[in-house]
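> sequence unavailable; structure follows:
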């Protein structure tokens, strides 16, 4: 395959909306029969473990998770 590309992105998001991001990204990048065209990309999203970010040894953003997005 000469035109095969892959991108992997990891972003930190609020844990409360991680599932909404996953659903939106995966549904936008899969053929679902509802649109006249499809962009040809597939997306796979993994919601990671909950993380605690620190700033000056003080916890900040306790309710976040890493969202890993793989686009093919």
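Received it, and whenever you're ready, just let me know what you need. Values in this document were obtained by computation on a predicted structure and should not be read as measured data.

> give me the pLDDT for residue 45.
Residue 45 carries a pLDDT score of 92 in this model.

> how about the nearest residue to it, chain neighbours excluded?
Nearest non-adjacent residue to residue 45, counting by CB to CB, 6 or more residues apart in numbering: residue 22, 4.2 Å away. Every residue, glycine included, has its C-beta placed from N, CA and C.

> packing partners for the helix or strand harbouring the one you found?
Using DSSP states H and E, residue 22 sits in helix 18-28. Using 3 or more CB pairs under 8 Å, 6 or more residues apart in numbering; DSSP states H and E, the elements in contact with helix 18-28 are strand 43-55, strand 58-71.

> and these as JSON lines, adding mean neighbour count and distance to residue 5?
Formatted as JSON lines, these follow (neighbours: other CB atoms under 10 Å; distance: least, CB to CB, whole Å):
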{"stretch": "strand 43-55", "mean neighbour count": "13", "distance to residue 5": "13"}
{"stretch": "strand 58-71", "mean neighbour count": "14", "distance to residue 5": "8"}
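
> with distance to residue 28 added, can I get the ones you listed in CSV?
Putting the helices and strands packed on helix 18-28 into CSV (distance: least, CB to CB, whole Å) gives the following:
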stretch, distance to residue 28
strand 43-55, 7
strand 58-71, 11
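
> per-residue confidence at the residue nearest to residue 45?
At residue 22, pLDDT is 91.

> swap in the one 4 residues further on?
For residue 26, the model assigns a pLDDT of 86.

> any idea how far residue 13 is from it?
Going from residue 26 to residue 13 by CB to CB, to the nearest Å gives 15 Å.

> sorry, back to before: out of the helices and strands packed on helix 18-28, which is closest to residue 6?
Nearest to residue 6 among these is strand 58-71 (6.9 Å), distances taken as CB to CB.

> tilt between that closest one and helix 18-28?
Angle of strand 58-71 versus helix 18-28, following axes from the mean of the first three to the mean of the last three CA atoms, to 10 degrees, is 20 degrees.

> how much distance is there from strand 58-71 to the middle of the chain?
In this view, strand 58-71 has its centroid 10 Å away from the chain centroid, taken as CA atoms, centre = their mean, to the nearest Å.

> next, count neighbours for residue 16.
10 (other CB atoms under 10 Å).

> please consider this matter closed, and thank you.
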